[in-house]
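# Take a look and give me a structure for this.
(2 chains)
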There are 2 protein chains.
Amino acid sequence: MNENKKIPYKIYLEEHEMPTQWYNVRADMKNKPAPLLNPGTGKPMTVEELSGVFCTELAKQELDDTTAYFDIPEEILNFYKMYRPAPLVRAYHLERKLQTPAKIYYKFEGNNTSGSHKLNSAIAQAYYAKNQGLKGVTTETGAGQWGTALSMACAFLELDCQVYMVKVSYEQKPFRREVMRTYGANVTPSPSNTTEVGRKILAEFPGTNGSLGCAISEAVEAATSQEGYRYVLGSVLSQVLLHQSIIGLEAKAALDKYDVTPDIIIGCAGGGSNLGGLISPFMGEKLRGEKDYQFIAVEPASCPSLTRGKYAYDFCDTGAICPLAKMYTLGSSFMPSPNHAGGLRYHGMSSVLSQLYDDGLMEARSVEQTSVFEAAEQFAKVEGILPAPESSHAIRVAIDEALKCKETGEEKTILFGLTGTGYFDMYAYEKFNNGEMGDYIPTDEEIAASLSKLPKVNG
Amino acid sequence: MNENKKIPYKIYLEEHEMPTQWYNVRADMKNKPAPLLNPGTGKPMTVEELSGVFCTELAKQELDDTTAYFDIPEEILNFYKMYRPAPLVRAYHLERKLQTPAKIYYKFEGNNTSGSHKLNSAIAQAYYAKNQGLKGVTTETGAGQWGTALSMACAFLELDCQVYMVKVSYEQKPFRREVMRTYGANVTPSPSNTTEVGRKILAEFPGTNGSLGCAISEAVEAATSQEGYRYVLGSVLSQVLLHQSIIGLEAKAALDKYDVTPDIIIGCAGGGSNLGGLISPFMGEKLRGEKDYQFIAVEPASCPSLTRGKYAYDFCDTGAICPLAKMYTLGSSFMPSPNHAGGLRYHGMSSVLSQLYDDGLMEARSVEQTSVFEAAEQFAKVEGILPAPESSHAIRVAIDEALKCKETGEEKTILFGLTGTGYFDMYAYEKFNNGEMGDYIPTDEEIAASLSKLPKVNG
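Residues are numbered from 1 along each chain as shown, chains lettered A, B, ... in the order given. You can find the predicted model right below:
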């Protein structure tokens, strides 16, 4: 680091310094992520096959593992300028509170109405749908960030937006629903009886709280059964990681301005969209042998796909109508405890991140939710921002690493992704404030049971 | 405007360009605001008298109408750096949507967890309390922004924080309460039976929804009956306008960087903290005869203190235990309709703004709430940000003025204050989304009835 430049509390890029291309980390991977497979034939999906579900341009992005940079269309750039650049924050107050010699930075993606980084991919996916002349898009949402982001993007482009919201979230977060409605979206609690797969799940599990996997199935069915509609997804997919690379590219540009190189890069990991986006350009340097970084994926102990799952082909959705993806997975029938309030509930992990993890290029840790909320509260009190439970997983490990530095005296530079705010997660905070929050760790038997149902293509 | 400089979507000041002093517009006013009066003696309050309720330093700021600039203490500056500078946004997307030749800018103060500009004064007031060696502070909150802001400031400084929250808000906004609790505040619905004045009000009006005036009385009693406590207030007071001048100073510095001079400056007005802060430095230029601007205060038709109130001494609180202030008022017993969802419910207006308005230096307009929510929704869809109902009053008039420009072809430059976000106001948005929102305008008789109870000091 150039000691002559005083680092401000927040680094904002100038508008003309904002990235104009997304970076596709797959282009620099020697071991490419395994291809998506057609669940019927067991063969790799083609653009044509994918185009029935996704917009054609997005299907192409999904399958392209050689093009390193994609130009960001001007209309998307102009939308980005509405809420980006996101600040890179030096956590001086947190450092002081922890009395650590570590230097802590976080890339804050929550300063927009969706409250998270999800908007980065939502506008891209809505744009390509609009550009293809579609009427609308369908999607699922769990905690609600993705659904809100997509509603905002669709409102901007005047595209119809149909959201299947996991039932338990729909009930715990009525105000999330109202934000989406204000942006003109149609929100249905899932499972619902508006789809065949929804009716089937309701018949089999009456009174179910729903799950992401089930909401995905409903949204895909809704897309393929209406003319002029396609399905869009907020995480897991490689196209999403591509769009989310804007996070890492901006963070890197901001650090480079001040000659700062992080030692450790930390992100929470559910489906992997934020972590993949944050680390992409740094991982690119590592893959090309230019620099080395320590990457840490943080997942909840209650849904530990990387740390306790299996690297295998699995269904992406409960209804098994999506392509098969090779990923670290707990099995598509795995359900985290309903008492888990901290988000990141998806059973599998992005194929890109799964491959990087399998190649030993990235570490993973799982953390328990009460310790996550403790970190969230500590962070909120000194850094001002009330973080999303999901983001707080990364805060937990960033604090742990900073405290290690305090013991060893090392002045490491830590960068973590603060993906969003917790303003619509107060139900979970209320439980924590009332001392009613517990920790939930699945047994080996539970995980083995859901893994026993992996598709046959694994042999 | 210098046409050579392209105006970005968002202008952020650099950290070193941030203001380091607050500006006290009273210093440049020929007709000073009328002094606060002791309700017992009818004589102007002294610093000594005020120091029983307020911290001494804040009492001095309250009564100082000659010092133009106050240095901002370093600890406050460092807190400001956590969430400031706030962006000055060029509303390109809104301009395009309206097809107006007007150039629209807004100063966005909602990018912090309190969700509004209130944090600017909260940290200042908490700092002076801490500096005086106090144990804690008490306050009231209506919509909840001020209580949240104060909780954040107190958590940062490790000061106890007791909030009396207007009962109807406490019930409609349980998540606001949880944010405050997460920051360690003690939140009591008002009226409560924890104070003498609360018990009296409850006895007189059982089942009351509470009001700001009543919560103020409770908070003041709580402060004066506990050792080591003082009362703090988020609006109306001249000290608050002083702290909030940071809004206008930053906005002006950002505009000056691009040689932009606004023609019209618009702000919503409840107690006046945001409007006063936004216009202060511009008003200073007008008062000194350096430049001219059109200023517009926007208030709800359901609580129209400037447009339909009387300029007179009045009680600041329902319990009549605070000093008397000369202000445009509807009478301290005035209660806006419980169906009014748009905030800005205080019966009176800042003495500073009242005097400026009385001197013809500022205009005022009242707007109805359904038209306010229509403007909010229109704004949200193209500018991304879901605005607070309060802030949306300013949006309404900014859009009206921009549409006038469309008719006349004038290329006016409009600046308005976007004070906050509506994430905790989804109850109101839900009513609007469901078409259940109405407009509520008090009758002349209602206003006359409450004005008939003005204090005798008016003669």
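
# who's in contact with whichever helix or strand A:Lys81 is part of?
Element membership for A:Lys81 (DSSP states H and E) is helix A:74-83. By CB atoms under 8 Å, 6 or more residues apart in numbering or on different chains, the surrounding residues in contact with helix A:74-83 are A:15, A:18, A:20, A:72, A:111-112, A:119-120, A:123-124, A:127, A:153, A:156, A:246, B:8-10, B:92-93, B:383-384. C-beta here means a position set from N, CA and C on the backbone, and glycine is covered the same way.

# Just after it, pick out the following helix or strand.
strand A:88-90.

# Show the subsequent helix or strand relative to that following strand.
helix A:92-98.

# Can you give me the buried ones in that next one?
Residues A:Tyr92, A:His93, A:Leu94, A:Glu95, A:Lys97, A:Leu98 are the ones in helix A:92-98 that count as buried (16 or more other CB atoms under 10 Å in any protein chain shown).

# What is that helix packed up against?
strand A:103-108, helix A:369-383, helix A:389-408, helix B:74-83 (3 or more CB pairs under 8 Å, 6 or more residues apart in numbering or on different chains; DSSP states H and E).

# pLDDT averaged over it - what is it?
Across helix A:92-98, the average pLDDT comes to 98.

# now stretch A:306-316
On average, stretch A:306-316 scores 97.

# now swap in stretch A:273-285 and tell me
On average, the pLDDT along stretch A:273-285 is 98.

# from the chain's centre, how far out does it sit?
In this view, stretch A:273-285 has its centroid 12 Å away from the chain centroid, taken as CA atoms, centre = their mean, to the nearest Å.

# That stretch: which residues count as buried?
Buried residues in stretch A:273-285, counted by 16+ other CB under 10 Å: A:Ser273, A:Asn274, A:Leu275, A:Gly276, A:Gly277, A:Leu278, A:Ile279, A:Ser280, A:Pro281, A:Phe282, A:Met283, A:Gly284.

# CSV for those residues, including secondary structure and distance to B:Asn209?
As requested, these are exported to CSV (DSSP: H, G, I helix; E, B strand; the rest coil; distance: CB to CB, whole Å):
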residue, secondary structure, distance to B:Asn209
A:Ser273, helix, 43
A:Asn274, helix, 42
A:Leu275, helix, 46
A:Gly276, helix, 49
A:Gly277, helix, 46
A:Leu278, helix, 46
A:Ile279, helix, 51
A:Ser280, helix, 52
A:Pro281, helix, 54
A:Phe282, helix, 54
A:Met283, helix, 55
A:Gly284, helix, 58
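
# between those, which is nearest B:Leu353?
A:Asn274 (44.2 Å; CB to CB).

# That closest one and A:Leu119 touch, don't they?
No. Using CB atoms under 8 Å, A:Asn274 makes no contact with A:Leu119, being 11.8 Å away.

# Surely A:Glu218 and A:Thr141 touch.
No. A:Glu218 lies out of contact with A:Thr141 (CB under 8 Å); the separation is 11.5 Å.

# okay, and the common contacts of these two?
Listed as contacting both A:Glu218 and A:Thr141 by CB under 8 Å, 6+ apart are A:Tyr164.

# about what we covered before: restricted to strands, list the contacts of helix A:74-83.
B:Lys10 (DSSP state E).

# Pull out the buried residues from the contacts of helix A:74-83.
Buried, going by 16+ other CB under 10 Å: A:15, A:18, A:72, A:111-112, A:119-120, A:123-124, A:127, A:153, A:156, A:246, B:8-10, B:92-93, B:383-384, out of those.

# Restricted to helices, list those residues.
Among these, the members found in helices (DSSP state H) are A:Leu119, A:Asn120, A:Ile123, A:Ala124, A:Tyr127, A:Ala153, A:Phe156, A:Ile246, B:Tyr92, B:His93, B:Glu383.

# Adding distance to B:Ala59 as columns, could you present these in a markdown table?
Formatted as a markdown table, these follow (distance: CB to CB, whole Å):
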| residue | distance to B:Ala59 |
| --- | --- |
| A:Leu119 | 46 |
| A:Asn120 | 48 |
| A:Ile123 | 50 |
| A:Ala124 | 55 |
| A:Tyr127 | 56 |
| A:Ala153 | 50 |
| A:Phe156 | 49 |
| A:Ile246 | 50 |
| B:Tyr92 | 45 |
| B:His93 | 45 |
| B:Glu383 | 40 |
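
# which of the residues you listed lies closest to B:Ile265?
In terms of CB to CB, no member of these lies closer to B:Ile265 than B:Glu383, at 18.5 Å.

# what's the closest one in contact with, if anything?
A:Met82, B:Val89, B:Ala91, B:His93, B:Leu94.

# ok, now A:Asn458?
A:Ala312, A:Tyr313.

# A:Lys286 too?
Counting by CB under 8 Å, 6+ apart, the residues that A:Lys286 touches are A:Asp292, A:Tyr293, A:Leu361.

# and which of those residues is nearest A:Ser371?
A:Tyr293 (24.8 Å).

# Go ahead and confirm the closest one touches A:Phe282.
Yes. The pair A:Tyr293 and A:Phe282 qualifies as a contact (CB under 8 Å) at a distance of 5.1 Å.

# Now do the shared contacts for the two.
What both A:Tyr293 and A:Phe282 touch, as defined by CB under 8 Å, 6+ apart, is the set A:Pro262, A:Ile265.

# How is A:Thr208 assigned, secondary-structure-wise?
coil (DSSP: H, G, I helix; E, B strand; the rest coil).

# and A:Glu407, how far is that from chain B?
25 Å (CB to the nearest CB, to the nearest Å).

# For whichever residue of the stretch 101-250 of chain A sits closest to chain B, identify the helix or strand it belongs to.
Minimum separation of the stretch 101-250 of chain A from chain B (CB to the nearest CB) falls at A:Phe175, amounting to 3.6 Å. Using DSSP H and E, A:Phe175 sits in helix A:174-182.

# That helix - what's its average pLDDT?
Helix A:174-182 comes out at a mean pLDDT of 94.

# so how far is it off the chain centroid?
21 Å.

# tell me the angle that helix makes with helix B:369-383.
Helix A:174-182 runs at 80 degrees relative to helix B:369-383, counting by axes from the mean of the first three to the mean of the last three CA atoms, to 10 degrees.

# Which secondary structure elements does whichever helix or strand comes after helix A:174-182 sit against?
For helix A:174-182, the succeeding helix or strand toward the C-terminus, using DSSP H and E, is strand A:186-190. The contact analysis (3+ CB pairs under 8 Å, 6+ apart) places strand A:186-190 against strand A:160-166, helix A:167-172, helix A:174-182, helix A:212-224.

# Alright, I will stop here.
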